[in-house]
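Asks: what follows is a protein structure lacking sequence information:
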């Protein structure tokens, strides 16, 4: 199986499948990723430990701080006490909350995350429709906005002052 085909199947499994944790499995929240496909997680009871990412997810699924996972316990592990069984996306979290399988300790965290995501994505103002070729040639408002980086806006006055300073330095 090629790498692209493998990636396609893994992504479809994670995004499409709805999974309910079994008795041995538990839902955890990712706190940090120290490296080597290990993730530090916290249970609903507040217990912290490391979990390993299985090889089928490596370089196919990306996990960041604040994500929720379903993990299988590992008996022989001292530091690494579980292995990732399933990565939960927003839709999975909502369905688990509706079914009553979601831990109470995480319910507030999940709600805050969805509210933060809604607030962090700025709504684009309605654009007046221009006629002909002018409509899309110079307007960048429809481009993707990366919400992971801070937005820096500089005014025209600041940029004019910087240009004047650069011109003075070049003249000297």
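Replies: That came through fine. What you see is a predicted model, and the numbers here were worked out from it, not measured in a lab. Numbering: from 1, shown residues only.
Asks: can you list contacts of stretch 65-83?
Replies: 19, 21, 24-33, 38-39, 41, 49-54, 63, 84-88, 93, 106, 109-110, 113 (CB atoms under 8 Å, 6 or more residues apart in numbering). For the C-beta atoms, the positions are set from N, CA and C on the backbone; glycine is no exception.
Asks: let's see it at 7 Å
Replies: Stretch 65-83 is contacted from outside by 19, 21, 24-32, 38, 41, 49-52, 54, 84-88, 93, 106, 113, using CB atoms under 7 Å, 6 or more residues apart in numbering.
Asks: cool, stretch 37-51 as well?
Replies: If you take CB under 7 Å, 6+ apart as the criterion, stretch 37-51 is touched by 26-34, 52-53, 58, 63, 69, 71, 79-84, 103, 105-106.
Asks: narrow those residues to those in helices?
Replies: Counting by DSSP state H, the contacts of stretch 37-51 place 105-106 in helices.
Asks: without its sequence neighbours, what residue ends up closest to residue 88?
Replies: In space, residue 88 comes closest to residue 68 once its chain neighbours are excluded; the distance is 4.3 Å by CB to CB, 6 or more residues apart in numbering.
Asks: residues near that neighbour, how many?
Replies: Residues near residue 68, counting by other CB atoms under 10 Å, number 24.
Asks: hey, which helix or strand in this structure has the poorest pLDDT?
Replies: helix 134-137 (a mean of 49; mean pLDDT, DSSP states H and E).
Asks: burial count for residue 51?
Replies: Burial measure for residue 51: 24 neighbouring residues, criterion other CB under 10 Å.
Asks: quick check: beta-bridge partners of it?
Replies: Using DSSP bridges, the beta-bridge partners of residue 51 come out as residue 39, residue 82.
Asks: among the contacts of stretch 37-51, which are located in strands?
Replies: Counting by DSSP state E, the part of those found in strands is 26-34, 52, 69, 71, 80-84.
Asks: any idea how far residue 47 lies from residue 2?
Replies: With distances defined as CB to CB, to the nearest Å, the gap from residue 47 to residue 2 amounts to 40 Å.
Asks: who's more crowded, these two?
Replies: Looking at residue 47 and residue 2 with other CB under 10 Å, you find the greater number of neighbours at residue 47, namely 11 against 7.
Asks: look up phi and psi at the more buried one.
Replies: Backbone torsions for residue 47, taken as degrees, to the nearest 10, come to phi -80, psi 130.
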